[in-house]
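Novice: give me coordinates for this.
(chains A and B)
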Amino acid sequence: MSSVILRIQQLGIVFKDSNSGLRALEDVSFNVHSREFLCVLGPSGSGKTTLLRLIAGLLPASTGQISFSELKQPRIGMVFQQANLMPWRTVLENIMLPLEVTGVDEVHARKNARDMVDLVGLTGFEDSWPRDLSGGMAQRVALARALIHDPDLLLLDEPFGSLDALTRERMWTELSRLWQAQQKTVIMVTHSINESLFLADRVLVLTPRPGKVKLELTVDIPRPRNDDIRYTPHFGKLARRLKEAIG
Amino acid sequence: MKPFLKSFLRVLEWLLPLAGFLVIWQSLSTWLDLPAFIFPSLDVVWTRFTQSLLNGSLLYHGSITLIEIMLGLLIGSLAATFLGYRIARSPRLERALSPYLVASQAIPIVAIAPLLVIWLGPGMSSKVFICSLIVFFPILVNTVVGVRAVPVALHDLMHSLRASRWQILWKLEIPAALPVFLGGLRIGATLSVIGAVVGELVGADRGLGFLVNVGRGQYDTALVFVAVFTLISLALGLYGIVAWIEHQTLGWQEWRRGSL
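Specialist: Residues are numbered from 1 along each chain as shown, chains lettered A, B, ... in the order given. Alright, predicted model coming up:
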C-alpha cells in the first residue's frame, strides 16, 4: 500500500449543547493511504457524518488529532447527502465555484468546468438551472464540483443516499470510473454494505454512540467491479462479516 | 397564439380596470354635478395636468419629491442592510436591539414628522430623513430573514473550500438572501413615497406634497388630484424598477420557470 496521507489518532468529540453531553465519537484511530478508497460504514447515529466534518475542518475535535502528512492545508472536495447546489448558479457556474474560491481566472475556470461537465456525462446541460435537474444529475454536478480543483482528499457523505436504487447503482459504476481516472484519495461515509463493498478498498465499521472503530476490513475484490460480483460467494462472505460487525 | 396578439391582450388586461375606473369617475361627476372644488370632472383634472406640465411646475415639484425619495430609499436601505446583516449574524445584537426597533414602529411617523422638520429644517434633508426612517424597518426585517435563511449546508460547502469571509459574503450570502431582500425593497419603494409626502405636507415650500397643500388652500382640487396621480405613478415606477431588478437577477427561481 502506498504512503499514508492522513493520520487520525484517538479522535473524540463531545457535543456540549445536548443536555448530558453527547459523545459522538470516542478514541477513533486510523490511517488513510494515498489514492485509497476508504468507506466508513455504520448505522445512523454512529457519528459518520461528524467524522467527515472533523476531517474537513468544519468542526473542532474535543480530543485527539487529525494530521495530514506533508500538507498543512489539504484541498478538500466534498459531496453531501443532498446535492447542495447553489440554485442561482447554472450547472457550469456551480462546478466553477471551487476554482473561483481558489482564485483561478474565469477563462480557465470555465474551460476546466466544461471538461468536468463532459467527464460526468452532463454535456449539453452546462447552462441549465439546478431546479431543472433530476436527483442523479444534480449529484453528478456535485461530484464534478468536488473534483474540479484537484483536491488532495475527496470526502463523500452518503452522496447517493437520496437517490432511487437504480440511479444509485448507476452512480456507483460512475464513481468508481471517476475514481480510477482521477486517482484520488476518497473517504466515503455510507450505511449501505453493498455500496461499501462495490466501491471501497477498505471498510471501517463504526459502532453507534459513541462511535468507535469496530472492524477494519480489506475488500480484496478485483477491479473493475461490476454487478456480477454481488452474486459471488466471496462477496457474500465479506458482506456477512460487515453485517455482523454492525450488529 | 401569436406573440403579438398575446402581448396586446396583456396590455388590454392591464388597461381594462383603469378604463373602468375613469368611466365611473366621469359618470359620477356628470351625474352628481358637484362644484369643481369638491369633485372635479376628468376633463378639468386633465386640463390642470397639461397646464402644470406646460408651465414646468409639475416637473419641478415632481423631481424634488423624486430626489427626496431616491435619497431616502438609498440611505434607509443601506443602513437597514448593514444593520440587518449584523443582527442576522449576532443573536446578542438582536436581543439588545429588537425591542427598540419594534417599539420604533409603534410611533406613527406622522406624529414625529413635525419634530423632524423643526430639527432638520423645512428643506429636503428632513424629508430624506423621514423617508429613510419609513423605509428602514421592512428592509431590515427582510435582510435579517434573508441572511438567516442561507442554508447551513452551503456554508459548510464554502468552509470546506476554505473560502474567505468576503467570498462567503459575495458568493453565498448576498445571492442567497437577494430574493427576500428584494421583497423588502419592494415594500420600501412604495413606503418611501409616503415618507417623502408626509414630510412635505408637514412643512415644505417645494415638492408634490407642497403642491397638494397649495391645491387644498386655494380650493384647486384638480391640482390635488394631479399631484396625487403623479405620486401614484412615482410609486408604480419605483415598484416596477424593483420588479425589473428581480426579473433580471432571480431568473433561477423555480416559480419563474417559463415566465420569460
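
Novice: so A:Q82 sits against B:L154, correct?
Specialist: No - counting by CB atoms under 8 Å, A:Q82 does not reach B:L154; the two are 10.3 Å apart. All C-beta spots, glycine's among them, are computed from the backbone N, C-alpha and C.

Novice: and A:Q81, that's in a strand?
Specialist: No - A:Q81 is assigned coil when assessed by DSSP: H, G, I helix; E, B strand; the rest coil, not a strand.

Novice: dump the residue contacts of it.
Specialist: By CB atoms under 8 Å, 6 or more residues apart in numbering or on different chains, A:Q81 lies in contact with A:T49, A:D157, A:E158, A:P159, A:G161, A:S162.

Novice: swap the cut-off to 6 Å and go again
Specialist: A:D157, A:E158, A:G161 (CB atoms under 6 Å, 6 or more residues apart in numbering or on different chains).

Novice: now B:G146
Specialist: Contacts of B:G146 (CB under 6 Å, 6+ apart): B:A177, B:V180, B:F181.

Novice: of those, closest to chain A?
Specialist: Taking CB to the nearest CB as the measure, chain A sits nearest to B:A177 out of these, at 10.7 Å.

Novice: what does the stretch 1-150 of chain B have sitting close to chain A?
Specialist: Counting by CB under 6 Å from any CB of the partner chain, the stretch 1-150 of chain B comes close to chain A at no residue.

Novice: residue of the stretch 1-150 of chain B closest to chain A, please.
Specialist: B:V150 (10.4 Å).

Novice: ok, the spatially most central residue of chain A to chain B distance?
Specialist: Closest residue to the average C-alpha location of chain A: A:L156 at 1.7 Å, with CA atoms, centre = their mean. Look at A:L156 and chain B: by CB to the nearest CB, to the nearest Å, they are 12 Å apart.

Novice: now for whatever helix or strand B:T50 lives in, which elements pack on it?
Specialist: Element membership of B:T50 [criterion: DSSP states H and E] is helix B:42-54. Judged by 3 or more CB pairs under 6 Å, 6 or more residues apart in numbering or on different chains; DSSP states H and E, helix B:42-54 is in contact with helix B:221-249.

Novice: name the element the closest residue to B:M158 other than its chain neighbours belongs to?
Specialist: Distance criterion CB to CB, 6 or more residues apart in numbering or on different chains; nearest residue to B:M158, sequence neighbours excluded, is B:I168 at 5.0 Å. Assigned by DSSP H and E, B:I168 belongs to helix B:165-168.

Novice: do A:T173 as well
Specialist: A:T173 belongs to helix A:165-182 when assigned by DSSP H and E.

Novice: and the next helix or strand past that helix?
Specialist: Going down the chain from helix A:165-182, the next helix or strand is strand A:185-190, by DSSP H and E.

Novice: now that next one: how far from the chain's centre is it?
Specialist: 4 Å (CA atoms, centre = their mean, to the nearest Å).

Novice: ok, what's across the strand from the residue lying closest to the residue nearest to the centre of chain A once chain neighbours are set aside?
Specialist: Once flanking residues are discounted, A:L156 sits nearest to A:M188: 4.0 Å by CB to CB, 6+ apart. Following DSSP bridges, A:M188 is listed with bridge partners A:C39, A:L156.

Novice: okay, now A:M188: neighbour count?
Specialist: Neighbour count of A:M188, defined by other CB atoms under 10 Å in any protein chain shown: 26.

Novice: give me phi/psi at residue 158?
Specialist: All of this refers to chain A. The phi/psi pair for A:E158 (degrees, to the nearest 10) reads phi 40, psi 60.

Novice: that one - nearest residue in space that isn't next to it in sequence?
Specialist: Nearest non-adjacent residue to A:E158, counting by CB to CB, 6+ apart: A:Q81, 4.9 Å away.

Novice: which bits of chain A sit near chain B?
Specialist: For chain A, the residues in contact with chain B (CB under 6 Å from any CB) are A:A56, A:L58, A:I76, A:M78, A:F80, A:N84, A:P87, A:W88, A:P98, A:V101, A:W129, A:R131.

Novice: now the buried members of those.
Specialist: A:A56, A:L58, A:I76, A:M78, A:F80, A:N84, A:P87, A:W88, A:P98, A:V101, A:W129 (16 or more other CB atoms under 10 Å in any protein chain shown).

Novice: any chance of TSV for these, columns pLDDT and secondary structure?
Specialist: As requested, those are arranged in TSV below (pLDDT from 0 to 100; DSSP: H, G, I helix; E, B strand; the rest coil):
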residue	pLDDT	secondary structure
A:A56	88	coil
A:L58	89	coil
A:I76	89	strand
A:M78	92	strand
A:F80	90	coil
A:N84	91	coil
A:P87	93	coil
A:W88	93	coil
A:P98	93	helix
A:V101	92	helix
A:W129	92	coil
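
Novice: nearest to A:K243, out of these: which one, please.
Specialist: Ranked by distance to A:K243 (CB to CB), those are led by A:F80 at 26.4 Å.

Novice: list the contacts of that closest one.
Specialist: Shown in contact with A:F80 (CB under 6 Å, 6+ apart): A:D157, B:A153.

Novice: what's the answer for B:G215, then?
Specialist: By CB under 6 Å, 6+ apart, the contact set of B:G215 is B:L223, B:V224.

Novice: returning to what we had before: in the helix holding B:I168, what's buried?
Specialist: For helix B:165-168, burial by neighbour count (16+ other CB under 10 Å) applies to B:Q167, B:I168.

Novice: average pLDDT across that helix?
Specialist: Average pLDDT, helix B:165-168: 94.

Novice: can you check stretch B:224-244 too?
Specialist: Averaging pLDDT along stretch B:224-244 gives 93.

Novice: mind listing what's buried in that stretch?
Specialist: For stretch B:224-244, the neighbour count (16+ other CB under 10 Å) marks B:V224, B:F225, B:V226, B:A227, B:T230, B:L231, B:L234, B:A235, B:L238, B:Y239, B:V242 as buried.

Novice: and for stretch B:167-184?
Specialist: So, applying 16+ other CB under 10 Å, buried residues of stretch B:167-184: B:167-168, B:171-184.

Novice: tell me where the chain is predicted with low confidence.
Specialist: Picking chain A for this. A:1, A:17-21, A:71-72 (pLDDT under 70).

Novice: nope, chain B please
Specialist: In chain B (pLDDT under 70), the answer is B:1, B:257-260.

Novice: so which residues of it form strands?
Specialist: Assigned by DSSP state E, chain B shows no strands.

Novice: what do you get for chain A?
Specialist: Under the criterion DSSP E, strands of chain A are mapped to A:4-15, A:22-33, A:37-41, A:63-68, A:76-79, A:153-157, A:185-190, A:202-206, A:213-218.
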